[in-house]
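# Sequence plus predicted model, see below.
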Amino acid sequence: MTLEINSALVKELREKTGAGMMNCKKALQETNGDFTKAIKTLRQKGLSNADKKFSRKATEGLISSYIHTGGRIGVLVEVNCETDFVARRTEFQDLVKNIAMQIASSPKVTFISLDNIPKEIFAEEKEIELNKADLIDKSIEMKEKIVLGRVEKTLKNLTLLNQAFIRDPNITVEELIKEKISLLGENIKIKRFICYTLDN
C-alpha cells in the first residue's frame with residue numbers, strides 16, 4: 001500500500017530542494033514521510049545526475065561581486081554555466097551571490113578544489129606531518145595512512161568546494177552546486193575568484 005503524502009509537505013520539500021513535485025512525493029513515500037530522509041534521498045539522486053553533467057563544457061555565466069558590511073572585505077567571482085538562458089535565471093544568480101558571500105566568510109580559502117592545489121604545497125604539508133612526534137613509533141604503512149588523512153584534512157580547509165555552506169552547514173559548497181546542476185540541468189563551475197581584504 002502506497003503511503004498518502006500531504007501536499008503541503010510535498011510543496012515544502014520542493015521549496016527546500018528545488019526538485020520536481022513528483023520526485024518530492026516519491027522521496028517522501030520511500031522514506032515513510034520522513035522529511036529529513038527525503039531531502040537526503042533527493043540529494044543522493046540529484047548528485048548522481050549532476051555528476052554526469054560535470055564533464056560538460058561551461059563557457060557562459062556571470063561575474064559577481066560582494067562587499068562585506070563595513071567595506072573591509074570584497075570578493076569578485078566568476079561562475080560558469082552552459083547557456084546564457086541559465087545565466088539569467090534567478091536560481092543561478094542567487095547561487096553566484098551565495099558563493100561570493102561564502103568566499104568573503106572563508107578567509108583561509110585560497111583554492112577552488114583539491115585539484116587546484118600545487119604539488120609543492122601537498123609535498124610541504126606531507127613533510128610537516130611526517131616529522132610530527134606522535135608518528136615516530138608507527139609503522140611506515142600506518143604512518144603513510146595517517147599522514148595522507150591529515151594532509152587532506154588540512155588542504156580541504158583551503159578549498160572553496162569543501163567548505164560547509166554558510167546558509168546550510170549540512171551541505172558543502174560542492175553539494176550546493178550539484179543540487180543547482182540537478183535543478184537547472186546544466187553543468188556549473190566556479191572558474192576563478194579573488195578576495196580583497198583591507199589591511200589594518
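Okay, I see it.
# Quickly list the domain ranges of the chain.
Residue ranges for the domains of the chain, per automatic domain parsing: 7-53, 60-111+158-197, 118-156.
# can you list the ones you listed in a markdown table and add mean neighbour count and mean pLDDT?
Every C-beta, even on glycine, is put in place using the N, C-alpha and C of the backbone. Formatted as a markdown table, those follow (neighbours: other CB atoms under 10 Å; pLDDT from 0 to 100):
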| stretch | mean neighbour count | mean pLDDT |
| --- | --- | --- |
| domain 7-53 | 16 | 74 |
| domain 60-111+158-197 | 18 | 93 |
| domain 118-156 | 13 | 83 |
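# First-to-last residue distance for stretch 70-85?
Taking CA to CA, to the nearest Å, stretch 70-85 runs 34 Å from one end to the other.
# now swap in stretch 124-141 and tell me
19 Å.
# what's the spacing between it and its chain's center?
30 Å (CA atoms, centre = their mean, to the nearest Å).
# cool, stretch 165-173 as well?
Going by CA atoms, centre = their mean, where stretch 165-173 is centred and where its chain is centred differ by 7 Å.
# do the same with stretch 191-200
Distance, centroid of stretch 191-200 to centroid of chain: 20 Å (CA atoms, centre = their mean).
# do stretch 183-200 as well
11 Å.
# what's the answer for stretch 143-150, then?
With CA atoms, centre = their mean, you get 24 Å for stretch 143-150.
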